[in-house]
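[1] the amino acid sequence is not available; the structure is as follows:
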């Protein structure tokens, strides 16, 4: 049994994630508390990341990439090399 540092409940070791850096080999917060923290962090950070790639920005990036692809033969061969390596 181990006590969670966040919720202070005594829980079996199976309720904790393994972590070799800790003395007993398990993290200090239980899986439920860590999941709640992860959900809160994702909710806090979602607006910033969700607005980064708006449809307008994606269209702009695509247009710039296509213009460079058509104008620059070296870039075109570079992209074809990458596609060949990925598709193998």
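    Good, I have the coordinates. Source: prediction; values computed, not measured.

[2] contacts for the longest strand along the chain?
    The single longest strand within the chain, with elements called by DSSP state E, is strand 26-30. Under the criterion Cβ atoms under 8 Å, 6 or more residues apart in numbering, residues 2, 4-7, 9, 11, 13, 15-19, 22, 34, 37 lie in contact with strand 26-30. (C-beta placed from N, C-alpha, C; glycine too.)

[3] for stretch 2-19, same thing?
    By Cβ under 8 Å, 6+ apart, stretch 2-19 touches 1, 24-34, 37.

[4] between the two ends of it, how far is it?
    Length of stretch 2-19, first residue to last, Cα to Cα, to the nearest Å: 14 Å.

[5] narrow the contacts of strand 26-30 to those that are buried.
    Taking 16 or more other Cβ atoms under 10 Å as the criterion, what is buried in the contacts of strand 26-30 is 2, 4, 11, 15-16, 34.

[6] can you redo these as a markdown table with pLDDT?
    Formatted as a markdown table, the buried ones among the contacts of strand 26-30 follow (pLDDT from 0 to 100):
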| residue | pLDDT |
| --- | --- |
| 2 | 95 |
| 4 | 96 |
| 11 | 96 |
| 15 | 96 |
| 16 | 96 |
| 34 | 96 |
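
[7] name the nearest residue to residue 68, ignoring sequence neighbours.
    residue 75 (5.4 Å; Cβ to Cβ, 6 or more residues apart in numbering).

[8] how close does residue 35 sit to residue 27?
    In this structure, residue 35 and residue 27 are 12 Å apart, going by Cβ to Cβ, to the nearest Å.

[9] so between those two, which is more surrounded?
    Using other Cβ atoms under 10 Å, the more surrounded residue of residue 35 and residue 27 is residue 27, with 18 against 11.

[10] which secondary structure elements does the lowest-mean-pLDDT helix or strand in the chain contact?
    The helix or strand of the chain with the poorest confidence is helix 73-87; it has a mean of 83 (mean pLDDT, DSSP states H and E). Packing partners of helix 73-87 (3 or more Cβ pairs under 8 Å, 6 or more residues apart in numbering; DSSP states H and E): helix 55-71.
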